[in-house]
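[1] my questions concern the predicted model and sequence given below.
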Amino acid sequence: MSAPDPSHFKEVLGHFVTGLVIVTAATAEGPAGFTCQTFGSLSLEPPMVLFAATSSGRSWERVRQSALVAVNVLAAEQEPLARLFATSGIDKFAQVPWDAAPGGSPLLAGALAHLEGRITGITTHGDHDVCTVEVSFAHARHAHPLVYFRGGFGELA
């Protein structure tokens with residue numbers, strides 16, 4: 001049996017609803033970040049999460065050099081932010097309000113939840129890197145999440 005072609009595979013996987021996060025880090029060149037839909041909890045003891053980033057992504061290249069990263073879980077009204085941080089070659093932080101987490105990582109204003117932690121591992125699988133993070137800071141507020149389904153954004157009420 002042969003593997004499905006990439007466009008068909010992407011279409012099929014699009015039937016799985018995901019939340020959206022923006023992964024950020026403080027770097028020597030200033031804050032960096034990117035939109036990510038492959039994110040999840042990994043462990044409660046110790047508290048760990050994971051995310052996947054396109055191996056060749058320019059923002060990921062900058063973020064991966066940092067020891068600490070933040071994960072900003074997006075709220076329903078943050079679709080414009082998700083689109084902004086999915087764009088390459090621009091200053092994504094120029095008009096975006098943020099505060100520093102305890103370790104200095106950018107926490108985006110209005111996010112549904114914020115996590116910050118230390119990168120504990122990065123492994124490459126296909127065209128993506130999977131990053132594990134041991135969480136040292138976590139905060140959430142009550143709101144509706146932004147979701148992604150079949151190539152579009154939506155709200156889970």
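    Everything's here; your move.

[2] relative to His8, how far out is Lys92?
    Lys92 is 31 Å from His8, where distance means Cβ to Cβ, to the nearest Å. C-betas here are computed from N, CA, C, even on glycine.

[3] so which of the two has more stuff around it?
    Lys92 (22 against 10; other Cβ atoms under 10 Å).

[4] the more buried one against Gly33, yeah?
    Yes: taking Cβ atoms under 8 Å as the definition, Lys92 is a contact partner of Gly33 at 6.1 Å.

[5] give me the common contacts of those two.
    Here Lys92 and Gly33 share the contacting residues Ser59, Phe85, scored by Cβ atoms under 8 Å, 6 or more residues apart in numbering.

[6] show the subsequent helix or strand relative to the helix or strand hosting Leu50.
    Secondary structure from DSSP states H and E places Leu50 in strand 48-54. Next helix or strand after strand 48-54 toward the C-terminus (DSSP H and E): helix 58-63.

[7] please save the CA atoms from the following helix or strand past that following helix in PDB.
    Downstream of helix 58-63, the first helix or strand assigned by DSSP H and E is strand 68-73. What follows is strand 68-73, C-alpha atoms only, in PDB (Å, rounded to 0.1, in the frame of the first residue of the first chain):
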ATOM      1  CA  LEU A  68      12.900  29.300  27.400                       C
ATOM      2  CA  VAL A  69       9.700  29.600  25.300                       C
ATOM      3  CA  ALA A  70       6.200  30.700  25.900                       C
ATOM      4  CA  VAL A  71       3.000  29.100  24.500                       C
ATOM      5  CA  ASN A  72       0.100  31.600  24.100                       C
ATOM      6  CA  VAL A  73      -3.200  29.700  23.700                       C
END
